[in-house]
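S.K.: return a 3D structure for these sequence lines:
(2 chains)
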Protein chains: 2
Amino acid sequence: MTGTHPFDDAVRLDQIDTDVRRGRTHPEWENMVGPFGGITAAAVVRAVETHPDRIGEPLTLTINYAAPVADGVFDLSLRVVRTNRTNQHWNVELTQDGQIKATATAVFATVRDSWADTEARPPKAPPPEPITPGALGDIVTWARLYDMRFVDGPIPTGQPSPSSTTTLWVRDRQQRPVDYPALAALCDVFYPRVFLRRGGMLPAGTITLTTYFLADRRQLEAVGPDYVLATAHANRFFGGYFDQSAQLWSRDGALLATSHQVVYFKG
Amino acid sequence: MTGTHPFDDAVRLDQIDTDVRRGRTHPEWENMVGPFGGITAAAVVRAVETHPDRIGEPLTLTINYAAPVADGVFDLSLRVVRTNRTNQHWNVELTQDGQIKATATAVFATVRDSWADTEARPPKAPPPEPITPGALGDIVTWARLYDMRFVDGPIPTGQPSPSSTTTLWVRDRQQRPVDYPALAALCDVFYPRVFLRRGGMLPAGTITLTTYFLADRRQLEAVGPDYVLATAHANRFFGGYFDQSAQLWSRDGALLATSHQVVYFKG
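M.R.: Below you'll find the model as predicted:
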């Protein structure tokens, strides 16, 4: 963690006291308004990971984007709500100058031996290597930090699509290995589904994001710097909002995370 | 609200002060351990609805079940985190004797004119009327308050299923009309998916539940006391946990809500 990688820079947090961590925004993670929501989610995961009372690994995270994060420092206030034998509930608030910009709840948990099965199936996709990298980085700064290879539903250029599904191979451009904060960020790499259905860009932003981490540390370490297969679709668009569901898969078919969000849009 | 209906009884809250509501558990809503998680979610939605500063209707709810709710009274403490022009962020804590039993975050929002489409499709199902009501009420008390007619994946009786999907028509047994609190409860009517895959009952409980309300008030009112078509499946079982995704549809094909949860299980 010597600060040479933009992801490590973004999730580097200073300890202000036992329950408060201070981070800062970085221009390379800029989105339309404020920073990429995924990098804020990553900082929340990282903050809980640094807390001395933390048990286990991330199991669930819900982050609510209440207001845009302004350029500069932000504080993450952590509170252990409850520690059970195998899981632990956290509340987190992101503030700037005393104003709440985001709230989060997280469950950390220890995995136990149990019956196991992956019932979902990964989307069909050719290998990433021959696919030409996509151009989302022309639109938003942070996307330049990822190598994105679209299998289905690339950023539209005028033509509406009957389907809101996007599937892509994605990895950190500098091939930083995937850990839990990185996985939290990857769950938010999809441009808004309404762009695809409408054939172009509209004002849109995530209001709330929930991620379920379904891989243990050993499985994440096995992914290392490789591509993950990310797929997302919307279920319903109505009243200026839509919901999105996503899955992230390893190349060898491990379901690493499922993730859901509600997005605001105009148009 | 004269207290003659068990759902109205369960979501009747006393105002302790501007930001605190007091509810109580009811034996008819009893689950394996503590009350049915759906009725607790309903009480949270109802509590925010009663707050004088509330704008709009429920859009999203995440509730984290930190510890079992004991029989008796509970307090819901409400906090407006942020009010934007068209949406509002809430934090809610459920306590008993000063101990936090559940935390929740919710977004309430006003719907606006926008492009609209339902991309998801309801599961195929025959009409509910000829289907024999299911017997989940033999297992858990609260299920007796619902009329459940299973289309697919009824409670297993010894035989493991290769699929975790359950689809059922469900309505309040006394035909109380569906409102947002009732919709929040209906999103949690599914018995644990691991029962279906393993062919029998195991210790299991929801840790966190996130619901996206995708119908406006007019659409909910159109459902009235009718059945809704509810479907749920799991994606991955691992380390003593699984994730579940669900959809609730009206009979005429309106997607009323999507809902996701992570469940703890032993076995």
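S.K.: how about the residues of the stretch 51-200 of chain A by chain B?
M.R.: Taking CB under 8 Å from any CB of the partner chain as the test, the list of the stretch 51-200 of chain A residues beside chain B reads A:59-60, A:62, A:64, A:66-67, A:81-82, A:84, A:86-87, A:89, A:91, A:100, A:103, A:105, A:107, A:109, A:111-120, A:163-164, A:194, A:197-198. C-beta here means a position set from N, CA and C on the backbone, and glycine is covered the same way.
S.K.: same for the host helix or strand of residue A:184, what does it pack against?
M.R.: Secondary-structure element containing residue A:184, defined by DSSP states H and E: helix A:180-186. Under the contact criterion of 3 or more CB pairs under 8 Å, 6 or more residues apart in numbering or on different chains; DSSP states H and E, helix A:180-186 touches helix A:6-10, helix A:37-49, strand A:57-65, strand A:204-213, strand A:255-265.
S.K.: of all the ones you listed, which one is nearest residue A:152?
M.R.: Shortest distance between residue A:152 and the helices and strands packed on helix A:180-186, using CB to CB, is found for strand A:255-265: 17.6 Å.
S.K.: and the closest one, which strands flank it?
M.R.: The partner list of strand A:255-265 in its sheet, established with DSSP bridges, is strand A:204-213 (antiparallel), strand A:241-250 (antiparallel).
S.K.: turn the ones you listed into a markdown table, including mean pLDDT and distance to residue A:11.
M.R.: A markdown table is the format used below for those (pLDDT from 0 to 100; distance: least, CB to CB, whole Å):
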| stretch | mean pLDDT | distance to residue A:11 |
| --- | --- | --- |
| strand A:204-213 | 98 | 15 |
| strand A:241-250 | 98 | 18 |
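S.K.: what would those look like in CSV with distance to residue B:137 and mean neighbour count?
M.R.: As requested, the strands paired with strand A:255-265 are exported to CSV (distance: least, CB to CB, whole Å; neighbours: other CB atoms under 10 Å in any protein chain shown):
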stretch, distance to residue B:137, mean neighbour count
strand A:204-213, 30, 24
strand A:241-250, 31, 24
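S.K.: measure residue A:220 to residue A:186 for me?
M.R.: Counting by CB to CB, to the nearest Å, the separation of residue A:220 from residue A:186 is 11 Å.
S.K.: where does the stretch 1-150 of chain A have low pLDDT?
M.R.: A:1-3 (pLDDT under 70).
S.K.: repeat that with 80
M.R.: A:1-3, A:137 (pLDDT under 80).
S.K.: work out for me the element the residue in it that chain B sits nearest to sits within.
M.R.: Residue nearest to chain B within the stretch 1-150 of chain A (CB to the nearest CB): residue A:111, separated by 2.8 Å. Using DSSP H and E, no element contains residue A:111; it sits outside every helix and strand.
S.K.: now do the same contact list for the closest residue to it other than its chain neighbours.
M.R.: Excluding its sequence neighbours, the residue lying closest to residue A:111 (CB to CB, 6 or more residues apart in numbering or on different chains) is residue B:239, at 2.8 Å. Taking CB atoms under 8 Å, 6 or more residues apart in numbering or on different chains as the criterion, residue B:239 is in contact with A:109, A:111-114, A:116, A:216.
S.K.: the same query, at a cut-off of 7 Å, please.
M.R.: When contacts are counted by CB atoms under 7 Å, 6 or more residues apart in numbering or on different chains, residue B:239 is found next to A:111-112, A:114, A:216.
S.K.: now, of the residues you listed, which are buried?
M.R.: A:111, A:114, A:216 (16 or more other CB atoms under 10 Å in any protein chain shown).
S.K.: columns distance to residue B:14 on top of these, output as JSON lines?
M.R.: What follows is the buried ones among the contacts of residue B:239, written out as JSON lines (distance: CB to CB, whole Å):
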{"residue": "A:111", "distance to residue B:14": "41"}
{"residue": "A:114", "distance to residue B:14": "42"}
{"residue": "A:216", "distance to residue B:14": "45"}
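S.K.: and of those residues, the nearest to residue B:47?
M.R.: Nearest to residue B:47, judged by CB to CB, of those is residue A:111 at 34.0 Å.
S.K.: which residues touch the closest one?
M.R.: By CB under 7 Å, 6+ apart, the neighbours of residue A:111 are A:216, B:239-240.
S.K.: swap in 8 Å and give it another go.
M.R.: Residue A:111 neighbours (CB under 8 Å, 6+ apart): A:56-57, A:216, B:238-241.
S.K.: can you pull out the helices in the stretch 101-250 of chain A?
M.R.: Chain-ordered helices for the stretch 101-250 of chain A, with DSSP state H, counting those that start in this stretch as the definition, fall at A:180-186, A:193-198, A:217-223.
S.K.: out of those, which one sits most buried?
M.R.: Among the helices of the stretch 101-250 of chain A, ranked by average contacts under mean count of other CB atoms under 10 Å in any protein chain shown, first place goes to helix A:180-186 (a mean of 25).
S.K.: okay, it in PDB with CA atoms only?
M.R.: Below are the C-alpha coordinates for helix A:180-186, written out as PDB (Å, rounded to 0.1, in the frame of the first residue of the first chain):
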ATOM      1  CA  TYR A 180     -13.500  -7.400  -1.000                       C
ATOM      2  CA  PRO A 181     -13.300  -3.600  -1.500                       C
ATOM      3  CA  ALA A 182     -12.500  -4.100  -5.200                       C
ATOM      4  CA  LEU A 183     -15.400  -6.500  -5.500                       C
ATOM      5  CA  ALA A 184     -17.700  -3.900  -4.000                       C
ATOM      6  CA  ALA A 185     -16.600  -1.400  -6.600                       C
ATOM      7  CA  LEU A 186     -16.900  -3.900  -9.500                       C
END
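S.K.: what's in contact with that helix?
M.R.: Among residues not part of helix A:180-186, those counted as contacts by CB under 8 Å, 6+ apart are A:7, A:11, A:36, A:38-39, A:41-46, A:49, A:57-58, A:61, A:170, A:172, A:176, A:178, A:211, A:213, A:215, A:220, A:228, A:230, A:248, A:256-257.
S.K.: do that again at 7 Å, thanks
M.R.: Outside of helix A:180-186, the residues that reach it under the criterion CB under 7 Å, 6+ apart are A:7, A:11, A:38-39, A:41-42, A:45-46, A:57-58, A:61, A:170, A:172, A:176, A:211, A:213, A:220, A:228, A:230, A:248, A:256-257.
S.K.: what's the answer for stretch A:246-259, then?
M.R.: With contacts defined as CB under 7 Å, 6+ apart, stretch A:246-259 is touched by A:118, A:120, A:122, A:183, A:186-187, A:190, A:209-215, A:219, A:223, A:226-232, B:235-236, B:243.
S.K.: and if we set it to 8 Å?
M.R.: Counting by CB under 8 Å, 6+ apart, A:118, A:120, A:122-123, A:127, A:178, A:183, A:186-188, A:190, A:209-215, A:219-220, A:222-223, A:226-233, A:245, A:260-261, B:235-236, B:243, B:245, B:260 sit against stretch A:246-259.
S.K.: give the closest residue to the residue positioned nearest the centre of chain A in space, chain neighbours not counted.
M.R.: Among the residues of chain A, the smallest C-alpha distance to the mean C-alpha position (CA atoms, centre = their mean) belongs to residue A:185, namely 2.7 Å. For residue A:185, ignoring the flanking residues on the chain, the nearest one in space by CB to CB, 6+ apart is residue A:38 at 3.7 Å.
S.K.: residues contacting the one you found?
M.R.: Residues in contact with residue A:38 (CB under 8 Å, 6+ apart) are A:142, A:184-189.
S.K.: again with residue A:229
M.R.: A:122-123, A:125, A:151, A:167-169, A:248-251.
S.K.: returning to that earlier point: redo the contacts of residue A:111 as a markdown table? Include distance to residue A:73.
M.R.: Listed next are the contacts of residue A:111 as a markdown table, based on distance: CB to CB, whole Å:
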| residue | distance to residue A:73 |
| --- | --- |
| A:56 | 29 |
| A:57 | 27 |
| A:216 | 33 |
| B:238 | 37 |
| B:239 | 36 |
| B:240 | 38 |
| B:241 | 35 |
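S.K.: which of the residues you listed sit farthest apart?
M.R.: Among the contacts of residue A:111, the pair separated by the greatest distance (CB to CB) is A:56 and B:238, which sit 13.6 Å apart.
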